[in-house]
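Any chance you could fold what I've pasted below:
(one chain, ligands or ions: 1)
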Amino acid sequence: MNFASDNVMGASAPVLEALVRANDGAEAAYGADAVTARVEQRFRDIFERDATVFLVATGTAANALALAAAVPPWGLCLSHQEAHVIDDECGAPEFFSHGAKLAGLPGAGGKLAPATVADYLAGLSSSVKQMPPSALSIAQVTEGGLVYRLEEIAALAQICRGRGLKLHMDGARFANALVALGCTPAEMTWKAGIDILSFGATKNGCLAAEAIVVFDPVLAETLAYRRKRAGQLLSKGRFLAAQFEGYFAADHWLDNARHANAMARRLSAELAALPGLRLAWPCEANEVFVILPRAVDRALKGAGAVYHPWSDRSLADGDRVGADETLVRLVASFATRSADVDRFIEVAGGALRREAAA
Ligand SMILES: Cc1ncc(COP(=O)(O)O)c(C=O)c1O
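Predicted coordinates:
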């Protein structure tokens with residue numbers, strides 16, 4: 001019953017098989033190999049656009065390098081106050097941009113409302129003493145497991161265009177959002193106004209493979225050098241690319257995401273149906289945020305369930321976590337077993353019944 005993260009599972013079989021296939025013989029180094037060329041073209045086919053693609057090994061590298069390309073050292077990048085780029089990357093975006101600043105804005109479930117961004121921008125002065133706003137970074141799926149609708153992305157993009165900001169998408173859970181919306185990769189990105197994307201694959205079945213997909217050609221100009229300086233240009237680059245070959249083949253990536261989302265949806269529906277439990281906000285992709293009575297939390301942990309506590313900063317106004325409750329995050333992945341969902345519900349239900357009888 002490990003629902004701690006979608007990073008706790010290993011890699012999926014088609015990805016591992018593609019790695020073994022790529023192992024044969026000699027190949028050019030530093031991304032000049034045939035596998036990388038094929039995968040970069042595959043990205044262009046999937047996104048229906050002549051995008052520039054930079055493969056890297058971690059999501060932090062993808063985000064930090066993408067933001068460094070989009071924001072000058074004196075620039076301001078807006079994001080959600082709980083965004084991975086703000087809370088979980090040890091200052092990598094600031095480091096690789098040589099000084100840019102990240103401003104965290106509020107929003108329920110990790111999602112930024114267009115009005116929040118517009119109001120924040122309207123409140124900034126244009127003095128040379130202030131850092132000029134240069135980019136907005138949104139996470140799709142958000143840190144709270146919510147999914148931006150296409151019209152919400154387009155509304156944010158319109159604000160960005162009006163103020164000369166670049167729009168970055170942290171797509172660490174890109175596939176989970178894509179299958180939740182049932183749209184195309186092009187619709188969820190450049191057609192809605194995204195300039196640069198961190199495309200995640202590690203959480204959804206790869207070992208360590210992410211890509212910076214650049215739709216605005218100007219932002220691509222410096223990225224080859226930035227990636228090399230960051231130590232993210234792998235000498236045996238074929239192994240990074242091979243993971244994507246296995247990932248994309250026969251829509252494996254979409255199947256993985258559908259499975260993860262289906263497991264999370266079932267978990268959330270069955271938890272919400274238990275009297276005494278409530279969801280912090282709806283489950284829209286592969287994560288469930290639920291407010292547990294502490295006795296249920298203890299029973300689940302005692303039965304071996306693994307998951308993380310979560311901040312209540314993203315609760316909607318007026319909602320709060322009680323003193324005898326705890327807000328936790330449950331993450332389902334491509335490898336989550338249905339039996340683990342069943343067991344989790346059984347243990348939570350049993351603890352609630354014992355509480356009610358006491
Ligand atoms: C929203 C988000 N962005 C990016 C990442 C990627 O980070 P990492 O550097 O751990 O691959 C994660 C992983 O936890 C994430 O949740």
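
from here on, contacts and neighbour counts on C-alpha atoms
Fine.

give me every residue that touches Ile291.
Taking Cα atoms under 8 Å, 6 or more residues apart in numbering as the criterion, Ile291 is in contact with Leu277, Arg278, Leu279, Ala280, Val321, Glu325, Thr326, Leu327, Val328.

thinking the fifth one is in contact with Ser311, fair?
No: in terms of Cα atoms under 8 Å, Val321 does not count as a neighbour of Ser311; the distance is 9.9 Å.

So for those two, which residues contact both of them?
Leu327.

ok, so of the contacts of Ile291, who is nearest Ala249?
Proximity of the contacts of Ile291 to Ala249, judged by Cα to Cα, is greatest for Val328, which lies at 34.6 Å.

how near is Ala4 to Gln41?
Between Ala4 and Gln41 the distance is 34 Å, computed by Cα to Cα, to the nearest Å.

Cross the contacts of Ile291 against strands and list the overlap.
Cross-referencing those with the strands (criterion: DSSP state E) gives Arg278, Leu279, Glu325, Thr326, Leu327, Val328 as the overlap.

ok, and the most crowded of those residues?
Sorting the ones in strands among the contacts of Ile291 by how many neighbours each has (other Cα atoms under 10 Å) puts Leu327 first, at 23 neighbours.

For the stretch 151-300 of the chain, what lies in contact range of the ligand?
Taking Cα under 6 Å from any ligand atom as the test, the list of the stretch 151-300 of the chain residues beside the ligand reads Asp170, Ala172.

In the stretch 151-300 of the chain, what residue lies closest to the ligand?
Scanning the stretch 151-300 of the chain for proximity to the ligand using Cα to the nearest ligand atom identifies Ala172 as nearest, at 4.7 Å.

State the phi and psi torsions of that residue.
Backbone geometry at Ala172, expressed as degrees, to the nearest 10, gives phi -60, psi -30.

Distance of it relative to Gly304?
From Ala172 over to Gly304 (counting by Cα to Cα), the distance is 27 Å.

These two - which one has more neighbours?
The residue with the greater number of neighbours, taking Ala172 and Gly304 and applying other Cα under 10 Å, is Ala172; the counts read 28 against 12.

So the residue lying closest to the more buried one once chain neighbours are set aside versus Gly350, what's the distance?
Spatially, and ignoring its direct neighbours in sequence, Ala172 is nearest to Gly200 (4.0 Å; Cα to Cα, 6 or more residues apart in numbering). For Gly200, the distance to Gly350 under the criterion Cα to Cα works out to 37 Å.

mind listing the strands for the stretch 51-200 of the chain?
Across the stretch 51-200 of the chain, reading from the start of the chain, the strands by DSSP state E, counting those that start in this stretch fall at 52-56, 76-80, 101-105, 133-139, 166-171, 196-200.

contacting residues around Phe248?
By Cα under 8 Å, 6+ apart, the contact list for Phe248 is empty.

Quick one: distance of stretch 255-273 to the chain centre.
17 Å (Cα atoms, centre = their mean, to the nearest Å).

I misspoke; the intended subject was stretch 224-231.
22 Å.

Now do the buried residues in that stretch.
Residues of stretch 224-231 classed as buried: Arg226, Arg227 (neighbour count, 16 or more other Cα atoms under 10 Å).

Tell me which residues are up against it.
Residues from elsewhere that reach stretch 224-231 (Cα under 8 Å, 6+ apart): Phe54, Val56, Ala61, Leu65, Phe96, Leu233.

and Pro293, what are its bridge partners?
Partner residues in beta bridges with Pro293, using DSSP bridges, are Glu325.

Neighbours of it, how many?
Here the count is done by other Cα under 10 Å, and Pro293 has 22 residues near it.
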